Structures are given as C-alpha cells and as structure tokens.
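# model this:
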Amino acid sequence: MRADRYPTRVSGTPAFVDRAEPTVWGGRASAGMFGAQELDAHERDGFVGVPALLTADEVTEYQAELERLATDPDVRADERCVVEKSSDEVRSIFEVHRISDAIGRLVRDERVLSRARQILGSDVYVHQSRINYKPGLRGGGFYWHSDFETWHAEDGMPGPRAVSCSISLTDNHPFNGCLMIMPGSHRTFVSCVGRTPEDNHVSSLREQEAGTPDAGSISALAQRHGIAMMTGAAGAATFFDSNCMHGSGDNITPYPRSNIFLVFNSVENACGEPFAAPRPRPAHIGARDTTPVR
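Numbering: from 1, shown residues only. Model prediction:
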C-alpha cells in the first residue's frame, strides 16, 4: 500500500499539512529560460510571471483558434467540452493540445517547455491541458482550491511536483475575473472534508464542491499570505505550483477573459491509483500517458 503524505477527504475535520517537497527541483544553473531571481520568486511565492511570453501576432492567432474551437460543432459535442452550468456558453475544452495542432506546438515550445523542465528538474509530460473561456457579462468563476488536492485525491498524483502554465489571450484586469493566488500558500497542503462522490468530475468541472477548502482554512491562509492578482496584457503567462491556493471570480464586466492552461507533471511523479476516489478520472482530464514532451 502506498504511503499517503497528503491525506484528504478522509476526515470530517480539515487539517494543514506542511509541504515536504521543494518547489523548484532543478538547479539554479540548469538549462532554461528562467533566471535565478525568477526561480527564487517561484520557490518563495509559488508562482512567477512572464510578462510577454507570446508576441502580439501569436496572441491574435491563438484568439482565432479559441474562437474556432468554441464554435466547432464537433468539438462542442465532444466529452472534452464543458459548458457553463447556467448557460450554453463554453466554459472549458480539455485535452486541447491533442485537438488543436497550434496548441500542440505550444506545449513543445521551448519558451514553455524549458521553463517547466527547469522548475521540475526532470523530463515532463502533459497531465492536463485546457482552454478556459470566461466571456464578458456571464463568465463563471472558479472557487478557491489547490489543484494538487484534486489531482492527488482523484488522479493519484503522489506529490506536488507539477507546475501549471496559464497563458492569457485577453487583457487580465482586477475586475474581469483574473486569476488570484495566495503567495506562499503552496507550502501548506489543506486537507478537505467529505468523500469524493461517484463520477465527481461530471459536475465538478462546471462547479466544484468536493475538494474545495472550508471557509476557516481559506480565511486562515488569506490572513497569513494575502492575495495577489495576476493582471497583465494578453500574451503574458503565469507559471504556478500545483499546490497554490488560487481561484477567480465571476466576470460580470463586458471584457472577456480567456486563457490556455497547460499542466506539466514530472515523469518521476507519475499518477497511480487515486488516493481518495473510487477510480481515476478520464484520461482527457488526468493523463495516464507519461511519455515525455520533446
């Protein structure tokens, strides 16, 4: 039986567990596009920004690709497409690097891939990819959560040796549902109460309930760490640790917010059986293929 360093969804009482693993696994001199100061910031805060990862022309190209995918009837009929709970708007499209050649190339782009390898200190594979759409006036938010809690409980990810890259394709303002992260929260794992429902992913991708922290834990982390808003121009990217406490609000402004979301996991941290779910989620949500990205 595997040792579980981060038990969750097994008790009626939440708990804080100190992180055992590093955040930056690669050496400061390892090959990659991050400098030492950026890696230090990632180690300290759990995230680091890249102000202009994409050029203006690339942003335009990817915006057109997102529009094409959202209006393609075959994509909308696919199980990898998730629509908003309260409307027929596309909320997310999963495994998008396999659906879109353009995003498949982005996964292999050294501006993205070298940085993920640098942080994780190994070859990496794509654990999850998706597009998040947050249209103006009716885009739904994402409640506070740690991705690692879900990936651990429902996908069987052993430790938080994974990093997410969120690439903005629209300007991110404080008022249009931008990503919010509690700096330093990656050093504390928050166990969640309650059991994982059968086929939880069917409802959680629209509105997560199981795996969300209790109000007391969120308040304690916010008081300890504060909240940072990931704002910036289209083309900017944020790399953030899998255990960061993060979320985003609803978008009730006319200004849409959309992003490409790529999750890289170390090949040395491959998922096994779920720690707190009856069975693994479908592979398009949590990959079982650990072939390194080249």
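
# Quick check: what element follows the helix-or-strand element of the chain with minimal mean pLDDT along the chain?
Across the helices and strands of the chain, the lowest-confidence element by mean pLDDT, DSSP states H and E is helix 201-204, at a mean of 54. Sequence-wise, the next helix or strand downstream of helix 201-204 (DSSP states H and E) is helix 215-225.

# What is the next helix-or-strand element following that next one packed up against?
Remark: after helix 215-225, the chain's next helix or strand is strand 228-229, criterion DSSP H and E. The helices and strands touching strand 228-229, judged by 3 or more C-beta pairs under 8 Å, 6 or more residues apart in numbering; DSSP states H and E, are strand 180-181. All C-beta atoms are positioned from the backbone trio N, CA, C, and that covers glycine.

# Name the helix or strand for residue 69, please.
With DSSP H and E as criterion, residue 69 is part of helix 56-71.

# Which strand residues bridge the residue nearest the centre of the chain?
Centroid-nearest residue in the chain: residue 164, 4.9 Å away (criterion: C-alpha atoms, centre = their mean). Residue 164 has these beta-bridge partners by DSSP bridges: residue 240, residue 263.

# Compute the distance between it and residue 84, please.
Taking C-beta to C-beta, to the nearest Å as the criterion, residue 164 is separated from residue 84 by 22 Å.

# what's the answer for residue 289, then?
29 Å.

# of these two, who's got more company?
residue 84 (18 against 9; other C-beta atoms under 10 Å).

# List phi and psi for the nearest residue to the more buried one once chain neighbours are set aside.
Of all residues not flanking residue 84 in the chain, residue 91 sits nearest, at 4.8 Å (C-beta to C-beta, 6 or more residues apart in numbering). The phi/psi pair for residue 91 (degrees, to the nearest 10) reads phi -90, psi -50.

# Against residue 46, how distant is residue 91?
Taken as C-beta to C-beta, the span from residue 91 to residue 46 is 25 Å.

# Just want to know which of the two has more residues nearby.
Higher neighbour count among residue 91 and residue 46: residue 46, with 28 against 22, using other C-beta under 10 Å.

# hang on, isn't that one packed against residue 244?
Yes: if you go by C-beta atoms under 8 Å, residue 46 and residue 244 touch, sitting 4.5 Å apart.

# overlap in contacts of these two?
Contact criterion C-beta atoms under 8 Å, 6 or more residues apart in numbering; residues shared by residue 46 and residue 244: 181, 185, 186.
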